[in-house]
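Student: A predicted structure for the sequence below; I have some questions about it.
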Amino acid sequence: MLFQVRMDVSIPAHLSETEVNDLKSREKALAQQLQQSGKWRHLWRIAGQYANTSIFDVASNEELHNLLLSLPLYPFMQIEVTPLCRHPSSIHDDDR
Ligand SMILES: O=C(O)C[C@H]1C=CC(=O)O1
């Protein structure tokens, strides 16, 4: 199942630089691991914003939910999920 997910990040100013760096490095490690597994298919920065738009390929709504909750930056994100299905004019066989 494919989902487009937009994540807007807002890290509170009271966190120390060390805490922020730790959160970001743990987030990066998990994001890269999930990309390597194929579950996080695309990750794009939205230009000019501390936000990304991503495509996830997971088995269920529950898997996506648990994956998003596991992200270290989850407490500081506003997340919008859009379920996707194959477009009849798509030429990409893996769009499902
Ligand atoms: O920077 C972001 O968009 C937030 C988050 C998503 C992946 C990652 O490494 O950080």
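Tutor: Structure received.
Student: quick one: low-confidence parts of this structure?
Tutor: 96 (pLDDT under 70).
Student: residue numbers of it in contact with the ligand?
Tutor: The chain comes close to the ligand at residues 7, 9, 27, 28, 31, 43, 52, 73, as judged by Cβ under 6 Å from any ligand atom. In short, each C-beta sits where N, CA and C put it, glycine included.
Student: for PyMOL, write the selection for the buried entries among these.
Tutor: Remark: buried members of the residues of the chain next to the ligand, expressed as a PyMOL selection using 16 or more other Cβ atoms under 10 Å:
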select buried, resi 7+9+27+31+43+52+73
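Student: can you put the residues of the chain next to the ligand in TSV and add distance to residue 61 and secondary structure?
Tutor: Supplementary listing: those in TSV, determined by distance: Cβ to Cβ, whole Å; DSSP: H, G, I helix; E, B strand; the rest coil:
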residue	distance to residue 61	secondary structure
7	17	strand
9	23	strand
27	22	helix
28	26	helix
31	20	helix
43	20	strand
52	20	strand
73	21	coil
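Student: quick check on residue 41: phi, psi?
Tutor: phi -70, psi -40 (degrees, to the nearest 10).
Student: is it true that it touches residue 57?
Tutor: Yes. Here residue 41 reaches residue 57: they are 5.0 Å apart, a contact under Cβ atoms under 8 Å.
Student: which one's more surrounded, the two?
Tutor: A side-by-side neighbour count of residue 41 and residue 57, using other Cβ atoms under 10 Å, places residue 57 first with 18 against 15.
Student: any idea how far the more buried one is from residue 4?
Tutor: 11 Å (Cβ to Cβ, to the nearest Å).
Student: same check, this time on residue 81
Tutor: Distance from residue 81 to residue 4, by Cβ to Cβ: 8 Å.
Student: likewise for residue 83?
Tutor: 8 Å.
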